[in-house]
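A.B. asks: Dropping the sequence and predicted coords here.
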Amino acid sequence: MSVKAQILVSIFLLVVFLGDAFARENETYPKAITALNEILMEKNEAKTPAELKINEQIAGRGRIIIIDVDENDKGRLVTAGMIINAPLKKVWEVINDYEHYPEFLPYTEKVGVLDRKGNQIKVGYQIVLKLGLLKFPVNYTLLHSLQGDSKVSWHSVEGDVSNVIGGWKLYELEGKRTLAFYSVYSDIRLLMRKTALRVFSFIINSLLDKQPELEELVNSSTAALVARGVKARAEGKIMKLGDWESKLPNQVLP
């Protein structure tokens with residue numbers, strides 16, 4: 001077979017593979033929504049001071065990662081929990097300070113409020129994913145729904161990212177501290193399909209087919225990074241990640 005023929009066959013197989021991968025309906029997304037609602041509606045969390053104390057003791061040892069699984073032991077939602085040494089009001093202010101996210105959240109380039117109606121806030125994001133020397137911008141919009149001054153949920157409404165949900169749940173602790181839980185679920189396959197990263201989707205889809213737990217690892221890493229960024233900001237500290245460094249409120253972005 002000639003080199004040209006081999007290339008054509010490879011392209012054909014690639015198209016067939018990607019078409020099949022993209023045609024598969026993601027069954028995890030609705031299950032992730034159910035898990036998030038259970039967390040925010042307080043169906044699966046501490047209801048007594050004793051239970052809250054246990055959660056506080058566990059989170060006090062460091063960041064904790066909880067992976068909700070369905071009846072098939074498949075991950076559907078990742079939650080990162082930690083204790084933030086700042087009052088709940090301060091943590092809540094940081095979470096809702098969208099325009100300054102680029103100062104304390106890694107890979108975040110631009111964030112801006114697009115619309116605000118009551119407790120519904122539409123926020124536009126631009127993040128940059130890096131693969132070696134290559135950079136891939138990702139633009140998307142999330143609709144945030146505030147619930148009092150300690151809970152917020154959000155979901156994607158348009159842009160390069162879809163089938164993404166998440167939220168925050170805060171508990172006030174003694175000593176001006178906050179027990180915070182950040183939940184997130186994102187569909188990596190759809191992210192690969194709808195952005196410039198689609199050129200690598202063949203490799204990524206192959207890896208996910210052979211090792212589906214990698215999707216849990218990506219969501220776990222995302223949850224941990226966001227939680228670390230908010231914690232550092234609320235505590236007035238600097239977070240470092242490779243050559244990236246967060247900014248304090250009184251610092252000016254270059």
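C.D. replies: Arrived safely, thanks for sending. Numbering: from 1, shown residues only.
A.B. asks: From here on, just use CA atoms for contacts and neighbour counts.
C.D. replies: Noted.
A.B. asks: what's the helix or strand harbouring Ala232 packed up against?
C.D. replies: Per DSSP states H and E, Ala232 falls inside helix 213-235. Applying 3 or more Cα pairs under 8 Å, 6 or more residues apart in numbering; DSSP states H and E, we find helix 213-235 packed against strand 64-69, strand 75-84, helix 88-95, helix 101-104, strand 177-186, helix 201-210.
A.B. asks: Next, format those as CSV and append mean pLDDT.
C.D. replies: Output for the helices and strands packed on helix 213-235, formatted as CSV (pLDDT from 0 to 100):
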stretch, mean pLDDT
strand 64-69, 79
strand 75-84, 84
helix 88-95, 97
helix 101-104, 94
strand 177-186, 90
helix 201-210, 62
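A.B. asks: Save these as JSON lines, and put in mean neighbour count and distance to Ser153 too.
C.D. replies: Putting the helices and strands packed on helix 213-235 into JSON lines (neighbours: other Cα atoms under 10 Å; distance: least, Cα to Cα, whole Å) gives the following:
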{"stretch": "strand 64-69", "mean neighbour count": "16", "distance to Ser153": "17"}
{"stretch": "strand 75-84", "mean neighbour count": "26", "distance to Ser153": "13"}
{"stretch": "helix 88-95", "mean neighbour count": "18", "distance to Ser153": "11"}
{"stretch": "helix 101-104", "mean neighbour count": "23", "distance to Ser153": "17"}
{"stretch": "strand 177-186", "mean neighbour count": "25", "distance to Ser153": "9"}
{"stretch": "helix 201-210", "mean neighbour count": "14", "distance to Ser153": "27"}
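A.B. asks: In TSV: these, plus distance to Ser156.
C.D. replies: Below are these laid out as TSV (distance: least, Cα to Cα, whole Å):
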stretch	distance to Ser156
strand 64-69	20
strand 75-84	15
helix 88-95	17
helix 101-104	17
strand 177-186	10
helix 201-210	21
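A.B. asks: Any regions of the stretch 1-150 of the chain where pLDDT drops low?
C.D. replies: 1-61, 70-75, 131-132 (pLDDT under 70).
A.B. asks: hey, where'd the helices end up in it?
C.D. replies: Listed from the start of the chain, the stretch 1-150 of the chain has helices (DSSP state H, counting those that start in this stretch) covering 3-23, 28-40, 49-59, 88-95, 101-104.
A.B. asks: So in terms of bridging, what pairs with Gly81?
C.D. replies: Beta-bridge pairing of Gly81 under DSSP bridges involves Ile64, Phe181.
A.B. asks: what about it, distance to Asn139?
C.D. replies: 27 Å (Cα to Cα, to the nearest Å).
A.B. asks: So which of the helices and strands packed on helix 213-235 is nearest Leu134?
C.D. replies: The closest of the helices and strands packed on helix 213-235 to Leu134 is helix 201-210. By Cα to Cα, the value is 15.2 Å.
A.B. asks: Can you tell me, leaving aside adjacent residues, what's nearest to Gln147?
C.D. replies: Closest residue to Gln147 apart from its sequence neighbours, by Cα to Cα, 6 or more residues apart in numbering: Asn119 at 7.4 Å.
A.B. asks: Surely the one you found and Lys151 touch.
C.D. replies: No: judged on Cα atoms under 8 Å, Asn119 makes no contact with Lys151 at a distance of 11.2 Å.
A.B. asks: and these two? which has more neighbours close in?
C.D. replies: Taking neighbours as other Cα atoms under 10 Å, Asn119 and Lys151 compare with Lys151 leading, 18 against 11.
A.B. asks: Check what pLDDT that one gets.
C.D. replies: Looking at Lys151, its pLDDT reads 94.
A.B. asks: so who does it touch?
C.D. replies: Lys151 is in contact with Leu40, Gly167, Trp168, Lys169, Leu170, counting by Cα atoms under 8 Å, 6 or more residues apart in numbering.
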